[in-house]
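1. Provided below for reference: sequence and predicted model.
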Amino acid sequence: MVLMSLQKTPSTTTLILPPASSIHPTLGIVYRPAGHRIEYFTTMTRTGKNYYDSEVGISDDSRMSTAAEELAIQLDLEKTHQDPRKAAAFDDLFGRNDSHWYAWQWTKTGLRVPNGQDPTEYETDRQGRKYWVREVLAGNEVVGKIPVPEGNGRVVVEWDEVFGIPRATKEIGWPHRRYTTHFRFNPNPKKDDTSGHYDVAVGRRSGWPHDVMDRCLVVSADFERSLANSDDGFRTIRGSLPKIEPHV
């Protein structure tokens with residue numbers, strides 16, 4: 001049975017995503033996709049299903065949002081000095097809806113352990129920060145490869161805007177007024193029964209990291225796409241996926 005949120009007719013907003021770049025010298029790869037236009041629904045659709053089953057039934061002219069598009073919505077708010085934690089576009093993540101459900105949001109984005117790589121193997125930069133190399137998924141397609149920083153509820157201090165994945169995280173206690181988002185990452189996932197690979201979803205939710213008084217945004221790359229709970233849902237997008245190709 002599909003659980004639908006008790007919402008009024010959803011409104012949509014048009015957003016132009018500017019061209020972005022993702023540069024990773026240690027991998028020798030640069031990504032520079034062109035900008036693109038999307039129309040996104042302010043409210044989310046509640047399914048209560050896992051990622052794969054949530055994608056079934058989306059109309060042909062629509063699709064699930066990517067992690068990069070969710071980040072673009074967030075950064076568009078932050079550029080005008082708005083707190084995304086209080087914005088209507090993320091109301092469902094914070095339970096601000098008629099049915100009071102706290103959305104656990106799927107996106108089309110996932111992270112995959114490259115074939116033959118030890119999932120626990122990581123790199124360390126000059127500042128002692130840990131990074132795990134992962135392939136980036138758009139749906140079931142591999143569209144890139146990036147170093148993923150440590151999670152454990154750390155605060156996101158820098159973003160990769162091409163893929164919507166944190167570029168750098170930091171352990172910061174409360175208050176962390178400049179920052180709104182925390183990151184959780186499982187570097188050693190189980191094998192996904194559907195894909196046959198060691199994948200994690202890149203989803204969004206809210207939470208209370210570091211015992212803060214108010215909920216923060218959380219980017220969660222710590223659970224499998226095949227898992228499901230009653231609060232699962234997604235945001236509907238109208239607009240084609242951008243083409244992402246590496247420039248070596």
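-> Received, thanks.
2. for the residue nearest in space to the middle of the chain, what are its contacts?
-> Centroid-nearest residue in the chain, with C-alpha atoms, centre = their mean: residue 67, separated by 3.5 Å. Taking C-beta atoms under 8 Å, 6 or more residues apart in numbering, we find residue 67 in contact with 107, 108, 109, 163, 164, 165, 202, 204, 219. (Each C-beta comes from the backbone N, C-alpha and C, glycine too.)
3. count of residues packed around the fifth one?
-> The reference is to residue 164. Residue 164: 23 surrounding residues under other C-beta atoms under 10 Å.
4. Excluding chain neighbours, what is closest to it?
-> With sequence-adjacent residues excluded and distances taken as C-beta to C-beta, 6 or more residues apart in numbering, residue 164 is closest to residue 67, at 3.1 Å.
5. Residue 177 versus that neighbour, what's the distance?
-> To residue 177, residue 67 is 24 Å away according to C-beta to C-beta, to the nearest Å.
6. try residue 226
-> 38 Å.
7. out of those two, which sits in the more crowded spot?
-> residue 226 (17 against 6).
8. what's near enough to touch residue 58?
-> 64, 236.
9. Mind checking what secondary structure it has?
-> Under DSSP: H, G, I helix; E, B strand; the rest coil, the three-state class of residue 58 is coil.
10. gap between the residue of the chain positioned farthest from its centre and residue 169?
-> Farthest-out residue of the chain from its mean C-alpha position, per C-alpha atoms, centre = their mean: residue 126, at 26.7 Å. Taken as C-beta to C-beta, the spacing of residue 126 relative to residue 169 amounts to 16 Å.
11. same check, this time on residue 35
-> Going from residue 35 to residue 169 by C-beta to C-beta gives 26 Å.
12. Same drill for these two, tell me which one is more crowded.
-> A side-by-side neighbour count of residue 35 and residue 169, using other C-beta under 10 Å, places residue 169 first with 25 against 11.
13. and the more buried one, that's in a strand?
-> Yes: counting by three-state DSSP, one finds residue 169 located in a strand.
14. Identify the neighbouring strands of the helix or strand of the chain with the lowest mean pLDDT in the sheet and state each direction.
-> Lowest by mean pLDDT, DSSP states H and E among the helices and strands of the chain is strand 246-247, with a mean of 86. Next to strand 246-247 in the sheet, as set by DSSP bridges, lie strand 29-31 (antiparallel).
15. Which positions within the strand it pairs with qualify as buried?
-> residue 31 (16 or more other C-beta atoms under 10 Å).
16. Using CSV, list the CA coordinates for the helix ranked longest in the chain.
-> In the chain, taking DSSP state H as the definition, the longest helix is helix 67-79. Provided in CSV are the C-alpha atoms of helix 67-79 (Å, rounded to 0.1, in the frame of the first residue of the first chain):
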residue,chain,number,x,y,z
ALA,A,67,21.5,15.2,-4.6
ALA,A,68,23.0,18.0,-6.7
GLU,A,69,19.6,19.5,-7.3
GLU,A,70,18.6,19.3,-3.6
LEU,A,71,21.9,21.1,-2.9
ALA,A,72,21.1,23.7,-5.6
ILE,A,73,17.8,24.4,-3.9
GLN,A,74,19.6,24.8,-0.6
LEU,A,75,22.4,27.0,-1.9
ASP,A,76,19.9,29.2,-3.7
LEU,A,77,18.3,30.0,-0.4
GLU,A,78,21.6,30.5,1.4
LYS,A,79,22.8,33.0,-1.2
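17. name the element residue 145 belongs to?
-> strand 141-149 (DSSP states H and E).
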